[in-house]
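Can you look at this prediction? I've put the sequence above it.
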Amino acid sequence: MTLEVPLAFNLQRRARAEAVGDAENGAMLVAADMGAELTTRPRALQRYVYRNFSQTQDGRAIVIDPDGTLIADSLGPDDLGTGYATRGRPELLAVLRDMRPHSEIRHSETLGQDILVAAAPILDEGRFFGAVRLTTGVGVVQDRVRRVVGGLVIIGLASLLAGLIIAFALAGSLSRPLSKLADAAKRLGEGDLSARAETSQGTKEVAQLAESFDEMADRLEATVKAQREFVANASHQLRTPLTGVKLRLESAIAEAPSEEIRHQLEAAETEVDRLAEIVERLLVMARRVERGGPSEVDLGDAVHRAVERWRERATLRGAMLDSIGEGGRAVGDPADLDQVLDNLIDNAITHAPSPVLIETGRSGGGKLLVAVEDRGPGIPLEERLRVTERFFRGRNAPPGGSGLGLAIVRELVEKWGGEVAVTTGTQGGTRVEIRLLAADGEGP
């Protein structure tokens, strides 16, 4: 359709040029016929013009002598004898001056519209008898142009319709295998490791892409299966010795010779319980990897579980755990948040044995807040931006740490689109805030 616009203009110009040429040729033929009429019957010229041209629709034929005087008119004899060529008829002036035919499309001030004019000299045996001028409206030319443009429009619309039909057919043949591939990718991302594209339809490139996707899914399924089996086997192998250690500790606690030894054995039993929890968590994580894992976590439940896990150990280290807040559901994984809280609480009761407060609530930007705050010596301002880096240890950090706790916290939180901020607590000490995206638009 875009190419047809300039084509239509070119055809319009060509149609106008052909009309002008045809009119000029017609004027020359009429002039040749009138030359014989003038030489044989000059007084019958008016009857000749009126008889042959008075019925022409939107047209007129006139004849002037070499002086420009009107001597014949298809409209009648009323204006005969007037000086006609000098009244703004450039085509007649050109013929009288050059004795050559002249034709054009011009605007008529008298009629107030465009007209097609053609004038030719009347010659006979070298003698110049005057000129004939034929005029007609440009409706004929416009009709011809409209027919041409109409034909182009019909051809263009037919081509466009055919192109749309072909495009829809091609789009369907391309989109169907791609839609199937996209559906398989979505199911695989949601944890369905059996999802496969299994399509040979579409172009060669689409078929190759589907084949590569299926190969990738096969490798992924095998990898996850091997990982699950490894974690399950390792956890099973660890449970047996852990159970044996716990039984021996319980027996040793019952037969402890002194209170001090009893406390030490109870602390060891607590650590064995903690190790057993980690092993169980590994099993849970393996199952979640297999099925895609949950996407939401209840902050109130996570904090409650953390307090229950750490209350006894915190008491043994001279600390006291408390929690406040309204909870809420955030985007994340319960196992990840459990590990985050374990690291933060462990840091707080190890490095700053004091009352430790775990707070939940709402933060700005559609996020929910989990904060662990202690009343210890705090972290110097210049070290706060680096404490979440791997292996970073501050100047006043006690010996024995690895510098990985807060780094692991940051990585787990950022995995779910959250962020970590280390600030000063409301009563001194350190406050570590975890901000997670609210699930289902619960944020403000």
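Happy to help now that I have it. This one's a predicted model, so the numbers in the text were calculated from it and none came from an experiment. Numbers count the residues shown, from 1 in each chain.

Would you check how far apart the spatially closest residue to R89 that is not a sequence neighbour and M99 are?
Of all residues not flanking R89 in the chain, R133 sits nearest, at 7.2 Å (CB to CB, 6 or more residues apart in numbering). C-betas here are computed from N, CA, C, even on glycine. To M99, R133 is 14 Å away according to CB to CB, to the nearest Å.

Which stretches in the stretch 1-150 of the chain count as helices?
Along the stretch 1-150 of the chain, the segments classed as helices by DSSP state H, counting those that start in this stretch run 4-40, 45-53, 90-98, 139-189.

And for the stretch 301-444 of the chain?
So, for the stretch 301-444 of the chain - with DSSP H, counting those that start in this stretch - the helices run 334-351, 381-384, 405-415.

In a markdown table: those, plus distance to R147, mean neighbour count and mean pLDDT.
Below are these laid out as a markdown table (distance: least, CB to CB, whole Å; neighbours: other CB atoms under 10 Å; pLDDT from 0 to 100):
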| stretch | distance to R147 | mean neighbour count | mean pLDDT |
| --- | --- | --- | --- |
| helix 334-351 | 76 | 21 | 86 |
| helix 381-384 | 83 | 13 | 74 |
| helix 405-415 | 70 | 18 | 83 |
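
Figure out which of these is closest to K204.
K204 sits nearest to helix 405-415 of all those, at 38.1 Å, using CB to CB.

chain center to that closest one, what's the gap?
The chain centroid and the centroid of helix 405-415 are separated by 33 Å, computed with CA atoms, centre = their mean, to the nearest Å.

contact partners of it?
Helix 405-415 is contacted from outside by 336-337, 339-340, 343-344, 346-347, 387-392, 419-420, 422, 432, 434-436, using CB atoms under 8 Å, 6 or more residues apart in numbering.

mind listing the strands for the stretch 301-444 of the chain?
320-325, 329-331, 355-363, 367-373, 419-424, 430-437 (DSSP state E, counting those that start in this stretch).

cool, and the stretch 151-300 of the chain?
Going by DSSP E, counting those that start in this stretch, the stretch 151-300 of the chain shows strands at 296-298.

Low-confidence ranges, it, go.
151-152, 168-175, 190-191, 199-202, 231-232, 235-236, 280-294 (pLDDT under 70).

Would you map the helices across it?
With DSSP H, counting those that start in this stretch as the criterion, the stretch 151-300 of the chain has helices spanning 204-254, 259-291, 299-316.

hmm, back to that, quick one: which of R133 and M99 has more around it?
R133 (24 against 14; other CB atoms under 10 Å).

can you list the domain ranges for the chain.
According to automatic domain parsing, the chain comprises the domains 4-137, 294-444.

mind listing what R60 touches?
R60 neighbours (CB under 8 Å, 6+ apart): F53, D73, S74, L75, L134, T135, T136.

beta partners for it?
For R60, the beta-bridge partners are T135 (DSSP bridges).

Pull out the buried positions in stretch 414-422.
For stretch 414-422, a neighbour-count test (16 or more other CB atoms under 10 Å) marks W416, G418, V420, V422 as buried.

okay, how far is it across it, tip to tip?
Start and end residues of stretch 414-422 are separated by 15 Å (CA to CA, to the nearest Å).

so how far is that stretch from its chain's centroid?
29 Å.

what's the answer for stretch 47-63, then?
A distance of 68 Å separates the centroid of the chain from that of stretch 47-63, by CA atoms, centre = their mean.

same deal with stretch 316-324?
Distance, centroid of stretch 316-324 to centroid of chain: 52 Å (CA atoms, centre = their mean).

Could I get the average pLDDT for it?
The average pLDDT within stretch 316-324 is 87.

can you pull the buried residues of stretch 48-61?
So, applying 16+ other CB under 10 Å, buried residues of stretch 48-61: Y48, V49, Y50, F53, G59, R60, A61.

L368: which of those residues is nearest?
Among the buried residues of stretch 48-61, G59 lies closest to L368 (CB to CB), at 88.7 Å.

Report the contact partners of the closest one.
Contacts of G59 (CB under 8 Å, 6+ apart): F53, S74, L134, T135, T136, G137.

any idea which of the residues you listed is least confident?
At the low end of pLDDT for the contacts of G59 is G137, which has 73.

How about the contacts made by that residue?
D58, G59, Q113, D114, I115, L116.

Please report how far it lies from N25.
Using CB to CB, G137 is found at 19 Å from N25.

Then D273?
Distance of D273 to N25, computed by CB to CB: 113 Å.

now do R219
R219 is 83 Å from N25, where distance means CB to CB.

So for those two, which residue has more residues nearby?
Neighbour count, other CB under 10 Å: between R219 and N25, N25 has more, with 14 against 10.
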